[in-house]
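S.K.: Output the structure for:
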Amino acid sequence: MTDVALPPMYSWHDFLAAAQEPETIHGDGRHASDRWAGGSWDEALRLAVDGWPVPLLDTDVTVAALRERAGLGASVTTLEPAWDVTGSEVDIGAYLAGVPECMVDAVPRQTSRRGRIVAFLVPACYSNKTPHTLIQNRGIALATLCSAIIAAGHSVEIWSGFVGLLDDDRIASVARVVSAGEPLDLGRLIFAVAHPLMLRRLWFAVWDAQDPDLAQWVRDENYGIPSHCFSEDLPDEVTDPYVFPYLKPEDPQWTDLDTALDWCHGMFTDLGLLE
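M.R.: Sure thing, here's the model as predicted:
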């Protein structure tokens, strides 16, 4: 199998710049039907910049309720040292230094959960027969729990991956949607993982702007058969990522928002991010 991999795009800005490069062929990124793609080319660019808050507003479940159901509302109790003139133990160093507050007690403090950095690779590809509702349900559940995890003190890094199989060849590219530690742009995250325009306009446009022979080959093969992403598709410095399975129309876990959230909750629990 021959691999064709584009250089990784390390930021949302880089991804949008790549998608807006002049196309070298007449591809689906700019020219597919609006109904199939989920909207127009101009709409894709607008939502990519402004974000897409509509899915959460269109559901009967609020972000606060989803966070509560995800189990992220409770803090944890930790014991922290406190120095005073009285206490249960002597701090020998402070005593010898003549510090009056040389006695130490363990005082309980309410703190958030201990944070960690977790990277997710979300396949952007799926069958052309996949209904928009399945794409939205999976993306909304993922975006909501990622938002809640960040609020709980963790750092989340989100990558979007394009992988397609073209006969005996594999094409791949990845773009970082959210960097660990940056302020969370929830509208951007929801658009990137929940809106069909992410794949059917922007990712296709990235390939439509490649060398004409490569771009035409990818287009002639209908951008490939969607396939699994692998951790090896990410840059070497991204360690121990969780790679989502690619979305299949027959997957039962994305049929409604509650089911999608339950599945993501179970996955996040297995990762040790939730209880």
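S.K.: which ones are touching residue 99?
M.R.: Applying C-beta atoms under 8 Å, 6 or more residues apart in numbering to residue 99 gives the contacts 83, 91. C-beta here means a position set from N, CA and C on the backbone, and glycine is covered the same way.
S.K.: And it, how close does it get to residue 82?
M.R.: 14 Å (C-beta to C-beta, to the nearest Å).
S.K.: What is the linear distance spanned by stretch 171-189 between its boundary residues?
M.R.: 24 Å (C-alpha to C-alpha, to the nearest Å).
S.K.: same thing with stretch 121-136?
M.R.: 17 Å.
S.K.: what separates it from the chain centre, distance-wise?
M.R.: Distance of stretch 121-136 from the chain centroid (C-alpha atoms, centre = their mean, to the nearest Å) equals 14 Å.
S.K.: Which positions within that stretch qualify as buried?
M.R.: Neighbour counts over stretch 121-136 (16 or more other C-beta atoms under 10 Å) mark 121-126, 130, 134-136 as buried.
S.K.: Specify which member of these is nearest to residue 13.
M.R.: residue 124 (17.5 Å; C-beta to C-beta).
S.K.: list the contacts for that closest one?
M.R.: Per C-beta under 8 Å, 6+ apart, neighbours of residue 124: 160-162, 198-199, 203.
S.K.: which residues of this structure score low on pLDDT?
M.R.: Across the chain, the ranges flagged by pLDDT under 70 are 1-2, 54-80, 94, 106-116, 152, 273-275.
S.K.: cutoff 80 now
M.R.: The model of the chain has pLDDT under 80 over residues 1-2, 53-89, 91-97, 99, 101-102, 104-117, 144-154, 181, 267-269, 271-275.
S.K.: quick revisit: buried subset of the contacts of residue 124?
M.R.: Among the contacts of residue 124, those classed as buried by 16+ other C-beta under 10 Å are 160-162, 198-199, 203.
S.K.: Kindly present those as a markdown table, with separate columns for secondary structure and distance to residue 266.
M.R.: Listed next are the buried ones among the contacts of residue 124 as a markdown table, based on DSSP: H, G, I helix; E, B strand; the rest coil; distance: C-beta to C-beta, whole Å:
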| residue | secondary structure | distance to residue 266 |
| --- | --- | --- |
| 160 | strand | 22 |
| 161 | strand | 22 |
| 162 | strand | 26 |
| 198 | helix | 25 |
| 199 | helix | 25 |
| 203 | helix | 28 |
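S.K.: Pick the one among those residues closest to residue 29.
M.R.: residue 203 (7.8 Å).
S.K.: Enumerate the beta-bridge partners assigned to the residue lying closest to that closest one once chain neighbours are set aside.
M.R.: Spatial nearest neighbour of residue 203, excluding adjacent residues (C-beta to C-beta, 6 or more residues apart in numbering): residue 162 at 4.9 Å. Note on residue 162: beta-bridge partners residue 173, judged by DSSP bridges.
S.K.: so where's the longest helix in the chain?
M.R.: Criterion DSSP state H: the longest helix present in the chain is helix 132-151.
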